[in-house]
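Trainee: what would the 3D arrangement of this be:
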Amino acid sequence: MPEYLTDQYRTTDQDRILHLVENFPFATLIPADGSDVGFMPLLLDRSQEQGVWLYGHLDLHNPFLPQLDGQRITAVFSGPNAYISPVEYESRQYPTWNYAVARLTGTSELVKDESDKLEYMVRMVDQLENANGTDYRLDERSPQALAMISRIVFFRLEVAAMDGVFKFSQEKSAEDRRRAQDSLIRKLQSRQSQVLPRLTADLETQTRSGGHAGNVRRGAQQ
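Mentor: Now for the predicted structure:
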């Protein structure tokens, strides 16, 4: 059977995969039966001495919650991606799309102990603040923080398998690889500033009025 084109970009290199997860932690969660999808950030749990663990949280009333109680879950993380035009290479090439994606599969379990939930909340805020270059710290003794934590549920995912696809023109010449990478970086920087204003337009008005044009029924967010 001929090799599928993407196979040459596939990897099980744990360091590379977890580097993507740490820097692009927003994940799409897919249960084994494919009955629904969830969207939320998942962070690496570095406190575990054995194996690879992810953790996250969601609202107590989120309809996706039952899928996380002892179920098999696949978490998909998408990294940098963009279209690369043939004119951006030095040599003659065809149009392509460069991207990075990681897939981690394991069994989830709910964190039910209140002190463990508080510990995870503090740890999550600290990790995200450190990555953000800011120094906010959650006051775990404040009534507001305790009330917030009482309304959410944490879960952990013990990873049993992981793989990723890292397609960055690595089969091409050094000059073509450099040009493709420069193009990707440039587009990521410009695209966000161009697209974000349109995506956020009128959201405040829609939220106040309760209107959500074009609702998608399936899929639960955090």
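
Trainee: only C-alpha atoms for contact and neighbour calcs from this point on.
Mentor: Fine.

Trainee: which parts of this structure are helices?
Mentor: 14-23, 114-132, 143-150, 174-200, 203-209 (DSSP state H).

Trainee: and for the second one, what are the contacting residues?
Mentor: Among residues not part of helix 114-132, those counted as contacts by CA atoms under 8 Å, 6 or more residues apart in numbering are Leu43, Val111, Asp135, Tyr136, Arg137, Leu138, Glu140, Leu146, Ile149, Val153, Phe154.

Trainee: buried stuff in it?
Mentor: For helix 114-132, the neighbour count (16 or more other CA atoms under 10 Å) marks Lys117, Leu118, Tyr120, Met121, Val122, Arg123, Met124, Asp126, Leu128 as buried.

Trainee: and that helix with helix 143-150, angle?
Mentor: Computed by axes from the mean of the first three to the mean of the last three CA atoms, to 10 degrees, the angle separating helix 114-132 from helix 143-150 equals 100 degrees.

Trainee: export helix 114-132 as PDB, just CAs?
Mentor: This file holds the C-alpha atoms of helix 114-132, laid out as PDB (Å, rounded to 0.1, in the frame of the first residue of the first chain):
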ATOM      1  CA  GLU A 114     -12.300  20.400  47.100                       C
ATOM      2  CA  SER A 115      -8.800  20.900  48.300                       C
ATOM      3  CA  ASP A 116      -7.500  19.200  45.100                       C
ATOM      4  CA  LYS A 117      -9.700  21.500  43.000                       C
ATOM      5  CA  LEU A 118      -8.300  24.500  44.800                       C
ATOM      6  CA  GLU A 119      -4.700  23.300  44.200                       C
ATOM      7  CA  TYR A 120      -5.400  22.800  40.500                       C
ATOM      8  CA  MET A 121      -7.000  26.200  40.100                       C
ATOM      9  CA  VAL A 122      -4.000  27.900  41.700                       C
ATOM     10  CA  ARG A 123      -1.600  25.900  39.600                       C
ATOM     11  CA  MET A 124      -3.500  26.600  36.400                       C
ATOM     12  CA  VAL A 125      -3.500  30.400  37.000                       C
ATOM     13  CA  ASP A 126       0.200  30.300  37.900                       C
ATOM     14  CA  GLN A 127       1.100  28.400  34.700                       C
ATOM     15  CA  LEU A 128      -0.900  30.600  32.500                       C
ATOM     16  CA  GLU A 129       0.300  33.800  34.100                       C
ATOM     17  CA  ASN A 130       4.000  32.700  33.800                       C
ATOM     18  CA  ALA A 131       3.400  31.900  30.100                       C
ATOM     19  CA  ASN A 132       1.700  35.300  29.600                       C
END
